[in-house]
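Participant: take this sequence and fold it.
(one chain, ligands or ions: 1)
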Amino acid sequence: SPRIFSGIQPSGGLTLGNYLGALKRFAEKQDEGTQTIYCLVDMHAITVWQDPAKLRQQTREGAAAFIASGVDPARSILFNQSQVSAHAELAWIFNCVARLGWMNRMTQFKDKAGKNAEAASLGLYAYPALMAADIMAYHATHVPVGEDQKQHLELTRDIAIKFNHDYGVEFFPIVEPMIEGAATRVMSLRDGTKKMSKSDPSDQSRINLTDDADAIATKIRKAKTDAEPLPDTLDGLKDRPEARNLVNIYAALAGMSAAEVIVENAGSLFGTFKPKLAELAVSVMAPITTEMNRLMQDPAEIDRILGAGADRAEAIARPILDQVYDITGMIRSR
Ligand code: AQP
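Facilitator: Sure, this is the predicted structure:
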């Protein structure tokens, strides 16, 4: 039966990109009735340096963002990765299945490691094998993610296929990525060719889930655009990445298709469209920010929710891990 798994790194404050590309869809998948398992992947976060106090804070804030976005910890399993050791255990096995040549093709490693790849952590390099373990520890079949994670999910499939083949078993399912909707790739507000990212040095490049109405409106007003009015067909956005981004954001926030947004706003100048977008963004985001702030007042309760989620996650992952040890020939005698 279908089972959905996905995660978000608590490596900074979450952005509108994380909300539209991930959180909002996580809640929708839960509401459609599929079993949903969602994780704050703190072990992924430390593949680049994280200040311990900030990591703790960001993990709680991330959990609050999940819940404020509609992920209900009673219906979905919500926890932080490091509380379920099956992730790390299976990641080691997958490190021994994945090939160096496969890892060398990963564009996210190249992007994040930058010019000085020699100084990157070994964990950053192995990141996709841990991600495969996150998913496979639950035999998840479907993974809702943004466009940027497509390559990692292909690697997850390759690892599952190779494991099954090498050990002569049909054990791991072959996952289906779910990259859907109008906002699979929300771009930076300063550069329409770069993804909106929580680690971008410019705060103006992104809308944070903690931004207030004024900050949201200012960032949208100052967003980079061209001087042309909006076209009357989607085709007209082809070479206008910044304009296309704002249209896609509008569509995702309004629950419309980009084509519908174009029909409704054909010929509009940004002087008109931006305030309209800002108003929509504030009306959607403000209740989420308010709810996050409310939840953050009780960190002990958030920790309790994460612990209870981890118990439920462990109950699914442990029997799967036991089978993995058996398949791979590891003695389990205590
Ligand atoms: N700009 C985006 N548009 C659509 N989806 C996005 N996601 C991230 N950015 C966008 C989706 O959010 C989920 C969680 O991402 P992540 O936190 O695990 O890591 P990331 O993809 O590397 O996101 P960031 O914001 O760029 O973080 P940093 O800067 O720390 O690397 C994923 O499903 C992702 O697709």
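Participant: and the residue of this protein that's closest to the ligand?
Facilitator: residue 21 (2.0 Å; Cβ to the nearest ligand atom). The C-beta positions use only the backbone N, C-alpha and C, and glycine is treated the same way.
Participant: nearest residue to that residue in space, please, no chain neighbours.
Facilitator: Distances taken as Cβ to Cβ, 6 or more residues apart in numbering put residue 146 closest to residue 21, at 3.4 Å, once the chain neighbours are dropped.
Participant: wait, doesn't that neighbour sit right on residue 182?
Facilitator: No. With contact defined as Cβ atoms under 8 Å, residue 146 does not count as touching residue 182 (11.9 Å).
Participant: before we move on, back to that, mind listing what the residue nearest to residue 21 touches?
Facilitator: With contact taken as Cβ atoms under 8 Å, 6 or more residues apart in numbering, residue 146 is in contact with 17, 21, 22, 179, 184, 185, 186.
Participant: return the helix or strand in the protein with minimum mean pLDDT.
Facilitator: strand 176-178 (a mean of 92; mean pLDDT, DSSP states H and E).
Participant: one step back: of the contacts of residue 146, which is the most crowded?
Facilitator: Highest neighbour count within those, by other Cβ atoms under 10 Å: residue 21, with 27 neighbours.
Participant: circling back to that earlier point, how near is the residue nearest to residue 21 to residue 87?
Facilitator: 21 Å (Cβ to Cβ, to the nearest Å).
Participant: likewise for residue 334?
Facilitator: In terms of Cβ to Cβ, residue 334 sits 22 Å off from residue 87.
Participant: need the residues of the stretch 101-250 of the chain near the ligand, please.
Facilitator: 145-146, 148-149, 183-186, 195-199 (Cβ under 6 Å from any ligand atom).
Participant: 8 Å instead?
Facilitator: 108, 112, 144-149, 183-187, 195-200 (Cβ under 8 Å from any ligand atom).
Participant: quick one, which of those are buried?
Facilitator: 112, 144-146, 148-149, 183-187, 195-198, 200 (16 or more other Cβ atoms under 10 Å).
Participant: and the helices in the stretch 51-200 of the chain?
Facilitator: In the stretch 51-200 of the chain, the helices defined using DSSP state H, counting those that start in this stretch lie at 52-68, 86-95, 100-104, 107-113, 122-136, 150-167.
Participant: ranking those by mean pLDDT, which is last?
Facilitator: Across the helices of the stretch 51-200 of the chain, helix 107-113 has the smallest mean pLDDT, namely a mean of 95.
Participant: what's in contact with that one?
Facilitator: 48, 103, 117, 119, 120, 124, 125, 127, 128, 148, 151, 152.
Participant: and for stretch 59-67?
Facilitator: So stretch 59-67 is contacted by 8, 10, 13-14, 18-19, 23, 26, 38, 40, 42, 73, 78, 80, 209-210, 288, 291-292, 295-296, 299, 302-303, 305-306 (Cβ under 8 Å, 6+ apart).
Participant: hmm, try it at 6 Å
Facilitator: 8, 10, 14, 40, 42, 78, 80, 209, 292, 295-296, 299, 302, 306 (Cβ atoms under 6 Å, 6 or more residues apart in numbering).
Participant: with stretch 123-137 instead?
Facilitator: 5, 7, 47, 86-87, 90-91, 94-95, 98, 103, 106, 109, 143, 152, 155-156, 159, 172, 175, 317.
Participant: tell me the domain boundaries of the chain?
Facilitator: By the assignment in automatic domain parsing, the chain contains the domains 3-179+298-328, 203-294.
Participant: would TSV of those with distance to residue 191 be doable?
Facilitator: Shown next, in TSV, are the domains of the chain (distance: least, Cβ to Cβ, whole Å):
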stretch	distance to residue 191
domain 3-179+298-328	13
domain 203-294	7
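Participant: single out the most deeply packed of the ones you listed.
Facilitator: Greatest average neighbour count among the domains of the chain goes to domain 3-179+298-328 (a mean of 19), per mean count of other Cβ atoms under 10 Å.
Participant: tell me the angle of the one helix or strand residue 291 maps to relative to helix 52-68?
Facilitator: Using DSSP states H and E, the element containing residue 291 is helix 270-296. Orientation check (axes from the mean of the first three to the mean of the last three Cα atoms, to 10 degrees): helix 270-296 against helix 52-68 gives 110 degrees.
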